[in-house]
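**Student:** 3D, please:
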Amino acid sequence: MSSSTSTSTLPSGLAVLTTFPDVLFIPEIIIGGLVWILVASSKVPDPMLQGWVMFVSVFCFVMSISLLCLYLCGAHGGGSCWVTLDAICHCTAALFYLSAAVLEAYTTYSLGLFPILAHQYRENIAAVVFAFVATLLYVIHKVFSLLRWKSS
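**Tutor:** Take a look at the predicted model:
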């Protein structure tokens with residue numbers, strides 16, 4: 001039982017960078033930043049869809065950096081409410097990124113119908129790929145955060 005309880009708490013300090021799923025913060029931040037940059041640099045005919053994708057990428061980027069900094073500083077103090085917060089944040093991020101990736105794919109598909117917009121199409125393809133990679137990272141992090149929450 002003691003091995004179960006040791007994995008049900010959040011690590012602090014540099015142990016965050018060596019434990020799974022918390023090590024996923026680094027690729028989430030990098031891939032999320034790439035999505036942010038690609039969406040910001042693309043031009044699309046429907047700004048409402050791109051606005052949601054931009055909001056999701058910025059929100060998840062800031063959330064991941066904030067949680068990483070708090071965990072590195074040990075601000076959670078081993079409290080169980082932080083495990084719940086971690087699970088809620090990653091469930092929200094996974095759901096948001098899934099919706100954003102699907103909307104970005106739809107917008108990119110729409111751009112592909114007009115061959116005159118080939119450069120913008122390639123930029124949006126990259127944004128779609130990275131958005132789905134970010135979705136996968138957040139879903140993996142979510143699953144293991146929920147397992148940690150369940151065992152706490």
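**Student:** doesn't residue 50 make contact with residue 100?
**Tutor:** No. Residue 100 lies out of contact with residue 50 (C-beta atoms under 8 Å); the separation is 9.7 Å. Backbone N, C-alpha and C define where each C-beta goes, glycine included.
**Student:** more neighbours, these two?
**Tutor:** Neighbour count, other C-beta atoms under 10 Å: between residue 100 and residue 50, residue 100 has more, with 28 against 21.
**Student:** after the strand or helix carrying that one, which helix or strand is next?
**Tutor:** With elements taken from DSSP states H and E, the one containing residue 100 is helix 80-112. Going down the chain from helix 80-112, the next helix or strand is helix 118-151, by DSSP H and E.
**Student:** chain center to that following helix, what's the gap?
**Tutor:** 6 Å (C-alpha atoms, centre = their mean, to the nearest Å).
**Student:** likewise for stretch 105-114?
**Tutor:** 23 Å.
**Student:** any buried residues in that stretch, and which?
**Tutor:** Within stretch 105-114, the residues that count as buried by 16 or more other C-beta atoms under 10 Å are 105, 107, 108, 110, 111.
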